[in-house]
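[1] here is the input, now give the coordinates:
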Amino acid sequence: MQKKLLLILSGLFSVLSASAQMPVPLLDAGPQAAQARSQLEAILLCKSGTKLSPKAIEGQFLALGLAKGPDGVYLPARAGYKPSLFGDTVVAALVSEGAGEVKAAVYLASQSGKRMASKLNVLDVDEQANTDDASYFKKTGKKTTLLVGAASELSVGNAVVKYQSAITCQVL
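    This next block holds a predicted model:
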């Protein structure tokens, strides 16, 4: 009788320990969001020869879990949802086209512009940027520039979205 009880308890223990090791599913880790995340990160690194299609980027923003809000700014689709790029939470995103250039930008919640610039190896200080803290740029090709901005805020309709850093790919 004791052997049966020990076998049952050991079986129960092994089942419980195996279930404790099961990975917890991430809220935003659906296949579309994961693919959008990796594609957006690659696009935003703004490698030489990058071409930006506003429609394609908007599709990536939607797949990441952002929804188009006031003034064309993309925001997290639902309360409590925290899409991420470059290891930080995305609080807003924007794609714009005009004057012969296309820009795709994401605004991040926690990491400073200086830290993000260091992480992305963007070392030149942007003297033309109108920010309190330093902003950075890196010419990645003849027509492509990677910009890393410092903390600021973005007007969205009647609201203001605060962020710690912004990453922008600019293609002429």
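
[2] where exactly do the strands run in this protein?
    Secondary structure of the chain (DSSP state E): strands located at 66-68, 74-76, 84-85, 88-98, 101-108, 124-125, 136-139, 144-149, 152-156, 159-163, 165-171.

[3] touching the longest one from outside, list them.
    Residues lying outside strand 88-98 but in contact with it, judged by CB atoms under 8 Å, 6 or more residues apart in numbering, are 52, 54, 57-58, 61, 64, 66, 72-76, 82-84, 102-111, 116, 154, 156, 161-165. For every residue, glycine as well, the C-beta is placed using N, CA and C.

[4] now the buried members of those residues.
    52, 57-58, 61, 64, 66, 73-76, 83-84, 102-109, 111, 116, 154, 156, 161, 163-165 (16 or more other CB atoms under 10 Å).

[5] follow-up on the earlier one: looking at the strands of the chain, which is nearest to Pro31?
    Ranking those by distance to Pro31, with CB to CB as the measure, places strand 84-85 first at 15.7 Å.

[6] for the closest one, name the packing helices and strands.
    helix 31-44 (3 or more CB pairs under 8 Å, 6 or more residues apart in numbering; DSSP states H and E).

[7] confidence-wise, which helix or strand of the protein is lowest on average?
    One helix or strand of the chain scores below all others by mean pLDDT, DSSP states H and E: helix 2-20, with a mean of 39.

[8] any chance of the strands of the chain in JSON lines, with mean pLDDT and distance to Ile43 too?
    Shown next, in JSON lines, are the strands of the chain (pLDDT from 0 to 100; distance: least, CB to CB, whole Å):
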{"stretch": "strand 66-68", "mean pLDDT": "96", "distance to Ile43": "14"}
{"stretch": "strand 74-76", "mean pLDDT": "96", "distance to Ile43": "14"}
{"stretch": "strand 84-85", "mean pLDDT": "96", "distance to Ile43": "10"}
{"stretch": "strand 88-98", "mean pLDDT": "96", "distance to Ile43": "10"}
{"stretch": "strand 101-108", "mean pLDDT": "98", "distance to Ile43": "6"}
{"stretch": "strand 124-125", "mean pLDDT": "94", "distance to Ile43": "21"}
{"stretch": "strand 136-139", "mean pLDDT": "96", "distance to Ile43": "15"}
{"stretch": "strand 144-149", "mean pLDDT": "96", "distance to Ile43": "11"}
{"stretch": "strand 152-156", "mean pLDDT": "92", "distance to Ile43": "20"}
{"stretch": "strand 159-163", "mean pLDDT": "94", "distance to Ile43": "19"}
{"stretch": "strand 165-171", "mean pLDDT": "97", "distance to Ile43": "6"}
